[in-house]
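K.L.:
Coordinates only, no sequence provided:
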């Protein structure tokens with residue numbers, strides 16, 4: 001089952017790169033290799049890491065109102081439109097997991113944006129916020 005997840009993650013990364021190649025100018029990829037692909041992480045792995053006490057920096061890219069209603073435990077809100085102005089709030093060390101309830105291309109663009117700014121520790125929650133909720137994993141609620 002783990003190899004199935006890795007295969008799905010690899011296929012997703014390949015699809016994201018193909019999409020980016022179609023819709024972004026090729027000059028954006030000049031000097032960048034396969035190591036710059038988008039790294040994904042499944043919800044069950046994030047849950048296990050949180051349960052084990054691992055320090056993850058979770059970034060919720062949803063609108064502030066949605067974040068205030070409920071979010072992954074310990075997440076920090078940086079809505080998609082604010083990311084270009086606030087990306088320096090994200091550490092360049094440790095594991096950073098981006099998530100939203102958006103289309104995969106939107107979050108892939110944000111991960112690539114960070115990658116082009118020197119971030120090498122960015123992961124995208126494979127199933128996004130809806131996948132986390134669907135599994136019944138814990139949420140924090142209320143204003144933060």
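P.N.:
That came through, no problem. Note that the structure is predicted; figures quoted are calculated from it, not measured. Residues are numbered from 1 along each chain as shown.
K.L.:
Do you have the strands of this protein handy? List them.
P.N.:
With DSSP state E as the criterion, the chain has strands at 39-41, 56-60, 70-71, 76-77, 95-99, 122-125, 140-141.
K.L.:
Mind putting those strands into a markdown table with mean neighbour count and mean pLDDT?
P.N.:
Every C-beta, even on glycine, is put in place using the N, C-alpha and C of the backbone. Below are the strands of the chain laid out as a markdown table (neighbours: other CB atoms under 10 Å; pLDDT from 0 to 100):
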| stretch | mean neighbour count | mean pLDDT |
| --- | --- | --- |
| strand 39-41 | 21 | 92 |
| strand 56-60 | 21 | 97 |
| strand 70-71 | 19 | 96 |
| strand 76-77 | 18 | 97 |
| strand 95-99 | 23 | 97 |
| strand 122-125 | 22 | 96 |
| strand 140-141 | 10 | 93 |
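K.L.:
Just the residues contacting stretch 99-108, thanks.
P.N.:
Applying CB atoms under 8 Å, 6 or more residues apart in numbering, the contact partners of stretch 99-108 are 12, 16, 19-20, 38, 58-62, 66, 72, 75, 80, 98, 124-125, 128-130, 132.
K.L.:
What about residue 53, how many residues nearby?
P.N.:
6 (other CB atoms under 10 Å).
K.L.:
Would you mind measuring from it to residue 61?
P.N.:
In this view, residue 53 and residue 61 are 25 Å apart by CB to CB, to the nearest Å.
K.L.:
What of residue 125?
P.N.:
From residue 125 to residue 61 the distance is 10 Å (CB to CB).
K.L.:
Can you pull the residues that touch both of the two?
P.N.:
What both residue 125 and residue 61 touch, as defined by CB under 8 Å, 6+ apart, is the set 98-99.
K.L.:
What sits closest to residue 101 if chain neighbours are left out?
P.N.:
Of all residues beyond its chain neighbours, the one nearest residue 101 is residue 129 (4.4 Å), with distances taken as CB to CB, 6 or more residues apart in numbering.
K.L.:
what about the one you found, how many neighbours?
P.N.:
Neighbour tally, residue 129, other CB under 10 Å: 23.
K.L.:
That's all I had, so thanks and see you.
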